[in-house]
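A.B. asks: the amino acid sequence is not available; the structure is as follows:
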C-alpha cells in the first residue's frame with residue numbers, strides 16, 4: 001500500500017513553480033512529436049535528455065515523462081485526422097476515428113479521443129499509486145510459455161476483429177513475425193535477413209514500419225479524392241463539437257473501466273504495452289457491440305475503448321520500470337537512461353532509498369493528466385483544419401514530412417527507401433484484404449517472441465507439457481483455440 005509519509009515528502013518535492021512549467025513544456029513537445037508522422041515521443045525524449053543533465057532528478061523525470069504522456073495522446077490525433085497512428089498504441093484508434101473524420105465528424109472524434117486518453121492515463125497512475133507492488137507480482141508470473149501464447153492469442157484476436165479470413169490473418173501475422181526478426185539476434189548475435197545491407201543489421205525501425213504501412217497507402221488513396229472528409233457535411237471549426245465529444249465520452253463508463261483495466265494489466269508486460277492493450281480493449285468492445293453499433297465504420301465507443309487502454313498502459317509500463325527496472329517500450333528504455341544519468345537505478349531499491357522521489361513523480365504525472373486535456377484540446381482544435389486542405393497539397397506535403405521523419409530516425413537514406421517499400425507493401429495488403437494490423441502486431445512482437453522461444457528451449461527443452469501445467473499459459477492456450485474455433489464456425493456459417 002501507499003507509504004503516506006513518503007507520499008507527503010514527494011508532494012513537497014514537486015511543490016514549486018517549475019513543476020507546472022516543465023509539465024507544460026514536456027506535454028507540448030510530446031504532442032508535437034506525436035502528431036508529426038515519422039516522429040515519436042521516444043525521439044522527443046532522446047533529444048531532450050541531454051538538456052536535463054543540470055536539472056534536479058525530480059525536475060528531469062517530470063519533464064521527460066510529460067513528453068512520454070504527450071506523445072501517446074498526440075499519436076491518436078493523427079490517427080483520427082489522416083489515418084496515420086503517430087504512435088504504435090494509436091493503431092486501433094484509426095479503426096473508427098478516421099471513418100468519423102471522413103464523415104465530417106473530426107471534432108467530435110478528437111473530443112472523444114482526448115478525454116479517453118486523460119481518463120485512461122489518470123486511471124493508470126492511480127493504480128500505480130495504490131497497487132504497484134501487486135501489478136509487478138502479476139507481471140513476474142509471465143515466463144516464456146505465457147509470453148509465447150500471449151503473442152499467438154493477440155495475433156488471432158486481432159485477425160478476428162479486422163480480417164475476414166482466418167487463413168490470411170495467420171499468414172500475414174507470421175510474415176510480420178519474420179519481419180520482426182530481421183537484424184541481429186539479441187540471443188545469438190547472428191545477423192538474419194539483412195540481405196547484406198548494413199542498415200538492416202539493427203532491423204527495420206518500428207516507426208518506419210508503422211508509418212509506412214498506414215500512412216503511405218492512405219496518401220496514395222487521398223490523391224484520388226478532393227478532400228479527406230466530405231466537405232459538404234464536415235463540421236466547421238466549432239469548439240462546441242469538440243466539447244460534445246468530451247461530454248459523450250462519459251456515456252461509455254463501462255468501456256472506459258474495462259479499457260483502463262486491460263491497459264494497466266498489459267502495460268506491465270515487457271514488449272506488449274500500449275499496442276497490444278489498445279487492440280485487446282477494442283476487440284472486447286466490439287464483441288459486446290449492441291444492435292445498431294457498427295465498429296470500423298465510425299463508432300464512438302471504438303475510440304473510447306482504444307484510447308483509454310492506450311494511455312492506461314502508461315501506468316503499467318511505469319510500474320514495471322520503477323519496481324523492476326525493465327523497460328516496456330522504447331520510451332521507457334530512454335527513461336532508464338535518464339534515471340542513470342542522475343545517479344538513480346530503477347528497481348526494488350529505488351523505493352527503499354528514494355521513496356519520496358517515486359511518489360513525487362507519480363503525483364506529478366497525475367497532475368499531468370489534468371493539463372493534458374487542456375493542451376491536447378487546444379492542439380487538436382487547430383490541427384482539425386487539415387480536413388479542409390485540398391489533398392493535392394496535403395498528400396505531397398505529408399509524404400515529404402514522413403520522408404524527413406524516416407531519415408531523422410537513424411540519418412540513413414536507406415530508411416526513406418524502406419518507408420516507401422513498406423508503404424507499397426501496405427497498399428497491396430489492403431488491396432487484397434490482408435489485415436495490416438496482424439502484420440504490425442507480429443512485427444512488434446517478433447523479436448520478443450524470438451527471445452522467449454530461446455528462453456523456453458533453454459529452460460524446458462522440447463517439453464511441451466509446460467504450456468498446460470502453468471495456469472496462465474493454459475488459459476491463454478484455451479482462449480486461443482476457442483477463438484480459432486469460433487472464427488472457423490463463423491466463416492462456414494457465412495459461406496453457407
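C.D. replies: Arrived safely. Please read all numbers here as calculations on a predicted model, not as lab measurements.
A.B. asks: list the buried residues for stretch 22-32?
C.D. replies: Within stretch 22-32, the residues scored as buried using 16 or more other C-beta atoms under 10 Å are 22-24, 26-32. Glycine gets a C-beta too; all of them are placed from N, C-alpha and C.
A.B. asks: packing partners for the helix or strand in which residue 285 is found?
C.D. replies: Residue 285 is part of helix 273-287 when elements are defined by DSSP states H and E. In terms of contacts (3 or more C-beta pairs under 8 Å, 6 or more residues apart in numbering; DSSP states H and E), helix 273-287 is packed against helix 144-162, helix 253-267, helix 300-324, helix 436-460.
A.B. asks: let's see that with 10 Å instead.
C.D. replies: Taking 3 or more C-beta pairs under 10 Å, 6 or more residues apart in numbering; DSSP states H and E as contact, the helices and strands that helix 273-287 lies on are helix 57-82, helix 93-102, helix 106-139, helix 144-162, helix 253-267, helix 300-324, helix 330-341, helix 436-460.
A.B. asks: which parts of that helix are buried?
C.D. replies: Across helix 273-287, burial judged by 16+ other C-beta under 10 Å covers 273-286.
A.B. asks: angle of it against helix 57-82?
C.D. replies: Interaxial angle, helix 273-287 versus helix 57-82 (axes from the mean of the first three to the mean of the last three C-alpha atoms, to 10 degrees): 40 degrees.
A.B. asks: gap between helix 273-287 and the chain center?
C.D. replies: 11 Å (C-alpha atoms, centre = their mean, to the nearest Å).
A.B. asks: and it with helix 253-267, angle?
C.D. replies: Helix 273-287 and helix 253-267 are oriented at 150 degrees to each other (the same axes, to 10 degrees).
A.B. asks: nearest residue to the middle of this structure?
C.D. replies: residue 89 (1.5 Å; C-alpha atoms, centre = their mean).
A.B. asks: ok, it touching residue 72?
C.D. replies: Yes - applying C-beta atoms under 10 Å, one finds residue 89 in contact with residue 72, separated by 6.0 Å.
A.B. asks: so for the residue nearest to the centre of the chain, what's the pLDDT?
C.D. replies: We have a pLDDT of 72 for residue 89.
A.B. asks: now it, nearest residue through space, not along the chain?
C.D. replies: Once flanking residues are discounted, residue 89 sits nearest to residue 274: 2.9 Å by C-beta to C-beta, 6 or more residues apart in numbering.
A.B. asks: measure that neighbour to residue 262 for me?
C.D. replies: To residue 262, residue 274 is 11 Å away according to C-beta to C-beta, to the nearest Å.
A.B. asks: state the number of residues packed around residue 53.
C.D. replies: By other C-beta atoms under 10 Å, the residues close to residue 53 number 10.
A.B. asks: burial check on the nearest residue to it once chain neighbours are set aside, number of neighbours?
C.D. replies: Among residues not flanking residue 53 along the chain, residue 341 sits closest, at 6.5 Å (C-beta to C-beta, 6+ apart). When neighbours are defined as other C-beta under 10 Å, residue 341 has 15 of them.
A.B. asks: I'd say residue 341 and residue 45 touch.
C.D. replies: No - counting by C-beta under 10 Å, residue 341 sits too far from residue 45 to count as a contact (11.9 Å).
A.B. asks: between the two, what contacts are shared?
C.D. replies: Counting by C-beta atoms under 10 Å, 6 or more residues apart in numbering, the residues touching both residue 341 and residue 45 are residue 52.
A.B. asks: go through stretch 375-386 and flag the buried ones.
C.D. replies: 375-377, 379-381, 383-384, 386.
A.B. asks: about what we covered before: between residue 274 and residue 262, which contacts overlap?
C.D. replies: 120, 309, 312-313, 316.
A.B. asks: now render these as a markdown table, adding distance to residue 439 and neighbour count.
C.D. replies: Listed next are those as a markdown table, based on distance: C-beta to C-beta, whole Å; neighbours: other C-beta atoms under 10 Å:
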| residue | distance to residue 439 | neighbour count |
| --- | --- | --- |
| 120 | 26 | 35 |
| 309 | 21 | 37 |
| 312 | 25 | 35 |
| 313 | 21 | 35 |
| 316 | 25 | 30 |
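A.B. asks: so which of those sits lowest on pLDDT?
C.D. replies: Per-residue pLDDT puts residue 316 lowest of the shared contacts of residue 274 and residue 262, at 74.
A.B. asks: and stretch 406-422, how far out from the chain middle?
C.D. replies: 21 Å.
A.B. asks: what bits of the stretch 51-200 of the chain have low per-residue confidence?
C.D. replies: Within the stretch 51-200 of the chain, the stretches with pLDDT under 70 are 133, 135-137, 139-140, 158-166.
A.B. asks: again but with the stretch 301-450 of the chain, I slipped
C.D. replies: 324-330, 333, 348, 387.
A.B. asks: now do residue 424 against residue 285, distance only.
C.D. replies: For residue 424, the distance to residue 285 (C-beta to C-beta) stands at 32 Å.
A.B. asks: any buried residues in stretch 362-375, and which?
C.D. replies: 362-369, 371-373, 375.
A.B. asks: need the max-distance pair from these.
C.D. replies: By the measure C-beta to C-beta, 362 and 375 form the most distant pair in those, at 20.0 Å.
A.B. asks: I'd like the helices and strands packed on helix 273-287 as JSON lines, with distance to residue 491 appended.
C.D. replies: JSON lines is the format used below for these (distance: least, C-beta to C-beta, whole Å):
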{"stretch": "helix 57-82", "distance to residue 491": "29"}
{"stretch": "helix 93-102", "distance to residue 491": "21"}
{"stretch": "helix 106-139", "distance to residue 491": "32"}
{"stretch": "helix 144-162", "distance to residue 491": "11"}
{"stretch": "helix 253-267", "distance to residue 491": "27"}
{"stretch": "helix 300-324", "distance to residue 491": "23"}
{"stretch": "helix 330-341", "distance to residue 491": "37"}
{"stretch": "helix 436-460", "distance to residue 491": "16"}
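A.B. asks: so which of the ones you listed comes closest to residue 351?
C.D. replies: Closest to residue 351 of those is helix 300-324 (C-beta to C-beta; 7.2 Å).
A.B. asks: and that closest one, how far out from the chain middle?
C.D. replies: 8 Å.
A.B. asks: would you check that residue 391 makes contact with residue 219?
C.D. replies: Yes - judged on C-beta under 10 Å, residue 391 makes contact with residue 219 at a distance of 8.6 Å.
A.B. asks: now the common contact residues for these two.
C.D. replies: residue 398.
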